[in-house]
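# show me the folded form of this:
(chains A and B)
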Amino acid sequence: MRFERREHRPIALVIATPLIAIAAALVLAGILIAIVGAPVLEAYWLILKSAFGSRLSATETLTRATPLILTGLAAAVAFRARLWNIGAEGQLYLGAITVAWASSQLLGDLPGIVQIPLLLFLGALAGMILLLVPLWMRLRFTVDEVVTTLLLNFVAVLFVSMLIDTVLKDPMAFGWPQSQPVADAAMLPKLLARSRLHLGLGIAVALAFVLAFVQSRTVFGMQSRAAGLNPEGAVFAGVPLGRTLVIVACISGGLAGLAGAVEVMGVQGYVTTELSPGFGYSGIVVAMLANLNPLGVVLAALFTATMFVGADGMSRSLGIPSYIADVIVALSLLTMLVAVFFTQYRIRR
Amino acid sequence: MSKPVLEIVGVSKRFGPTLANDSISLSLAQGEIVALLGENGAGKTTLMSILFGHYMADEGRVLVDGQELPQGKPRAAIRAGIGMVHQHFALAPNLTVLENVITGTQSLWSPKLRSSEARAKLLAISERFGLKVDPDARLGDLSVGEQQRVEILKALYNEARILVFDEPTAVLTQAESERLFATLKDMAAQGLSLIFISHKLDEVLSAANRVVVLRGGRHVAERNTSETSKAELAELMVGRTVTRPVREPSTPGELVLEAAAVTIRSDGVDRLKAVDFRLHAGEVLGIIGVSGNGQHMLAQLLSGTRSKTAGDLLLYGKAVDNLSVTDVVSAGIGRIPEDRNKEGAIGEMAIWENAILERVKAFSRGGLVDRKAAIAFAQTIVDRFDVRGGAPTSRIRLLSGGNMQKLILGRNLIDRPRILLAAQPARGLDEGAVAAVLERILEAKRQGTAVLLISEDLDEVMALADRIQAIVGGKLSPAISAEEASARKLGLMMAGEWTTEVPHAV
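Sure, this is the predicted structure:
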């Protein structure tokens, strides 16, 4: 048996790949559910029902998908150019705390129409800066950004933790370590009344379309793809490698910072160290599930959010720990990697 | 002749509609070197894959010492004493030589590596065949030639008696190739039987006793090397008479590019040392030299990917400092890179994207790529330069080396460049493609393009260049004219033997 590179990738195969991968992951997770002794199909039905069964749960799932779309896009755009940004989590937190700081200390009196765009920009800017540092180290000293971005996550989270326990601590929070809240005018408008669903979802989906367009139609998109696929070839063709990576880093870090900003301004209103249940890391899974396609990211984020929200509800009914959602998402990343391999190779004997 | 150690009898293999091997027979005697000659796609690799049990033949048998080899069983082939030296080495760069050699030879479950026995055996083999290598060196630190030696040693360590070399010189320099041929002859003299896969005629003639020519999956001819010639083999291989194009004398035009005492330093070493050359419109200036003597730096300088440390570069009479790729392309300099796959193309991108990437500004407006115009441009190249094997929207990786090179030539020549930089333009191509590529270069010269040809192929340079300079250790010899050039003289120049008395023809 040997593997042979496929000459052509039929479009149907490319579309079927994530579906097959997810199905395989569900089958594998089903074995675990069966081992625990719960009815597998009922468990999956309950996951679906808990995620979409009511107006409340559906909006909750979409709210949960919002930061995942943004961090998923952040990973997808960076990985396309072979910039291994594992630091979306830290960038998210820095974006979040920047927004909380700016709104509570500086811009709180501005009307929403001015303040909101300004805050979103500042949040994105914070994420950018946090990614530009490791990129600079890579370009200047060839330091591997996988390590630096990953470690900066801890630096950023601890930095945020320090701020919300000291200078930015909310005096009205009964001693809990949480930041001072953003101004009311800084809260994103709701998309639906009586729900947590906010404008952030619209922003995230719109950005996915913008990014899809940029990647497939623009000179920058073409150059960043070339830089990712074959840096030497890209340099020979005159692609400014450093500049391209800097722009990619700005987009990627910006999106992750924006995820933090949107989460604060749309949902919580303030920052705690529990703001993100690993949105930055899940974004990597989302990007891989989407095969780095920006529009695919929206769907993959929706799937991931469904699992997380649904598993919570399911676990209440069946007593299966909600960690099963993590297992399913992790398994689907593995099956996706295998499936992507088979879109590129075929088995020959 | 002694009885054959290896017989391939009537092997056929079909892949979908193509018949990759059509009833091929071949025999190999002990102590013999047989060359398997054929163009890319002639069926050489398929045949060897069947021999190794990687593929099952549809028909036919493989016999070793008269015993039939079970099909589709690589282990059986290894046990029967068949060894392979791959073109792309199957070695681990982070292990030592010894570790690489014994990998796969000992049971996974044995408690410890029996490395002292292995070392003794390895040293004995390396002594016997004169393949010197330090068993404790890390493989990644070795040169390509040394790595190949390790690959050979590994096969010998596995008691191989029949060795297959898959295009072994593709990665070697001229000097390393010659050393390899000496080793091959030595191995054959000691009773090993060798199959040597190649599409290079010179090598086949100098290394093998017998040549089997494959074409289109069929065994078309068999010759003793003592009774054949390069011309005959070329014709057999290609199926028609191929003549490599030869220059016709011409009068050069104006001076377009001049280098005066250009030096390039990299990593603290002067890779190019105060070189001088002058390039005129409508001439071919050949830079000959064994690779690794600084020609890569020279090519990069003129490609816009490296800047000079000192000296002057005059382009169209104007001093230029550091050229970027965009400057170079917009100044009408066409560039054929030394390494098609690394620099010349981005395999996973479409043919049309590869066609326009270096001039993407011309095919975009407001930052948006004009796909339609770009695809049309690529289609024109495909048509005019006879690029076969893919539409503009297919990935360029699907093209064969020759067709990829035609596309690269096409994107450079289609707009009639004033200067063409051609670095090893025919390297790794089969005869038919070589002729096509060289003809295009001469055609460009006739139309007034100044061509700088960097090559390590003596025949190629003598056939094309109007003036020739040798590059040795980063230094460039004075130019001699084509009329003064002889293989002997160029050989001396490539060895660094030039004197100031060599007449300077301009």
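# list the contacts of stretch A:182-201.
Contacts to stretch A:182-201, defined as C-beta atoms under 8 Å, 6 or more residues apart in numbering or on different chains, come from residues A:55-56, A:59-60, A:62-63, A:65-67, A:69, A:99-100, A:103-104, A:107-112, A:115-116, A:119, A:202, A:262-267, A:269-270. Where you see a C-beta, it was placed from the backbone N, CA and C, and this is true even at glycine.
# which SSE is immediately downstream of the helix or strand encompassing B:Ala77?
Taking DSSP states H and E as the definition, B:Ala77 sits inside helix B:74-79. As assigned by DSSP H and E, the chain's next helix or strand after helix B:74-79 is strand B:82-85.
# who are the packing partners of that next one?
Judged by 3 or more C-beta pairs under 8 Å, 6 or more residues apart in numbering or on different chains; DSSP states H and E, the packing partners of strand B:82-85 are helix B:144-157, strand B:162-166.
# can the shortest one be said to contact chain A?
No: counting by C-beta under 8 Å from any C-beta of the partner chain, chain A has no neighbours in strand B:162-166; the shortest distance is 16.0 Å.
# who does that strand pair up with?
Counting by DSSP bridges, the strands paired with strand B:162-166 are strand B:82-85 (parallel), strand B:193-198 (parallel).
# helices or strands up against the helix holding B:Ala77?
Using 3+ C-beta pairs under 8 Å, 6+ apart, helix B:74-79 is in contact with no helix or strand.
# give the buried residues for that helix.
Neighbour counts over helix B:74-79 (16 or more other C-beta atoms under 10 Å in any protein chain shown) mark B:Ala76, B:Ala77, B:Ile78 as buried.
# check stretch B:475-490 too.
So for stretch B:475-490, counting by 16+ other C-beta under 10 Å, buried means B:Lys475, B:Leu476, B:Ser477, B:Pro478, B:Ala479, B:Ile480, B:Ala482, B:Ala485, B:Lys489, B:Leu490.
# okay, the third one: pLDDT?
Same thing as B:Ser477. Reported pLDDT at B:Ser477 in the predicted model: 91.
# enumerate every residue touching it.
By C-beta under 8 Å, 6+ apart, the residues touching B:Ser477 are B:Gln469, B:Ala470, B:Ile471, B:Met493, B:Trp498, B:Val502.
# cutoff 7 Å now
B:Ser477 sits next to B:Gln469, B:Ala470, B:Met493, B:Trp498 when contact means C-beta atoms under 7 Å, 6 or more residues apart in numbering or on different chains.
# same deal with the second one?
Taking C-beta under 7 Å, 6+ apart as the criterion, B:Leu476 is in contact with B:Val275, B:Asp276, B:Phe277, B:Gln469.
# ok, the first one - contacts?
The neighbourhood of B:Val275, defined by C-beta under 7 Å, 6+ apart, consists of B:Ala259, B:Val262, B:Lys475, B:Leu476.
# closest to B:Asn40 among these?
Distances from B:Asn40 to these, taken as C-beta to C-beta, are shortest for B:Leu476 (33.8 Å).
# now, which of the contacts of B:Val275 lie within strands?
Per DSSP state E, strands hold the following members of the contacts of B:Val275: B:Ala259, B:Val262, B:Lys475, B:Leu476.
# max pairwise distance over these: which two?
Maximum distance among those (C-beta to C-beta): 12.6 Å, for B:Ala259 and B:Lys475.
# near chain B, which residues of the stretch 101-250 of chain A show up?
A:217-220, A:222, A:225-226, A:229-230, A:232-238 (C-beta under 7 Å from any C-beta of the partner chain).
# so which of those wins on neighbours?
Among those, A:Ala237 has the most neighbours (other C-beta atoms under 10 Å in any protein chain shown), with 29 neighbours.
# my guess is that residue contacts B:Leu357, does it?
Yes: with contact defined as C-beta atoms under 7 Å, A:Ala237 counts as touching B:Leu357 (4.2 Å).
# any residues in contact with both of these two?
A:Ala226.
# ok, B:Val144 - how many residues close by?
Applying other C-beta under 10 Å, we find 12 residues neighbouring B:Val144.
# now the contacts of B:Val275 in CSV, with distance to A:Ala330?
CSV is the format used below for the contacts of B:Val275 (distance: C-beta to C-beta, whole Å):
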residue, distance to A:Ala330
B:Ala259, 59
B:Val262, 56
B:Lys475, 59
B:Leu476, 59
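# ok, and the closest non-adjacent residue to the residue in the stretch 151-300 of chain B that chain A sits nearest to?
Per C-beta to the nearest C-beta, B:Gln300 is where the stretch 151-300 of chain B lies closest to chain A, at 8.9 Å. With sequence-adjacent residues excluded and distances taken as C-beta to C-beta, 6 or more residues apart in numbering or on different chains, B:Gln300 is closest to B:Arg306, at 3.8 Å.
# repeat that for A:Gly233.
B:Ile346 (4.5 Å).
# report the secondary structure state of the one you found.
Of the three states, B:Ile346 takes coil under DSSP: H, G, I helix; E, B strand; the rest coil.
# residue contacts, it?
A:Ala226, A:Leu229, A:Asn230, A:Gly233, A:Ala234, B:Asn354.
# try it again at 8 Å.
For B:Ile346, the contact set (C-beta under 8 Å, 6+ apart) comprises A:Ala226, A:Leu229, A:Asn230, A:Gly233, A:Ala234, A:Ala237, B:Glu353, B:Asn354, B:Leu357, B:Ile396.
# from chain A, how far off is the last one?
Pointing back at B:Ile396 there. According to C-beta to the nearest C-beta, to the nearest Å, B:Ile396 and chain A sit 10 Å apart.
# what pLDDT does that residue get?
You'll see B:Ile396 listed with a pLDDT of 90.
# for A:Gln180, same thing?
As predicted, A:Gln180 sits at a pLDDT of 92.
# so what's A:Val146 closest to, chain neighbours aside?
Counting by C-beta to C-beta, 6+ apart, the residue nearest A:Val146 is A:Trp84, at 4.6 Å.
# repeat that for A:Gly87.
Using C-beta to C-beta, 6+ apart, the closest residue to A:Gly87 is A:Thr149 (3.2 Å).
# give me the number of residues near the one you found?
Counted with other C-beta under 10 Å, residues neighbouring A:Thr149 total 29.
# B:Glu254: neighbour count?
A count of neighbours around B:Glu254, defined by other C-beta under 10 Å, yields 12.
# same question for A:Leu26.
Neighbours of A:Leu26 under the rule other C-beta under 10 Å: 18.
# hmm, who's touching stretch B:59-76?
A:349, B:3-12, B:23-25, B:50-57, B:77, B:80-82, B:162.
# please pick the buried ones from the residues you listed.
Members of these classed as buried by 16+ other C-beta under 10 Å are B:4-9, B:11-12, B:24, B:50-55, B:57, B:77, B:80-82, B:162.
# return the subset of the residues of the stretch 101-250 of chain A next to chain B lying in helices.
A:Arg217, A:Val219, A:Phe220, A:Met222, A:Arg225, A:Ala226, A:Leu229, A:Glu232, A:Gly233, A:Ala234, A:Val235, A:Phe236 (DSSP state H).
# which two in the residues you listed are spaced the farthest apart?
Longest span within those, C-beta to C-beta: A:Arg217 and A:Glu232, 25.2 Å.
# show me the contacts for whichever residue of the stretch 51-200 of chain A sits closest to chain B.
Relative to chain B, the nearest point of the stretch 51-200 of chain A is A:Arg80 (11.5 Å; C-beta to the nearest C-beta). Taking C-beta under 8 Å, 6+ apart as the criterion, A:Arg80 is in contact with A:Gln215, A:Ser224, A:Arg225, A:Gly228, A:Val248, A:Leu292.
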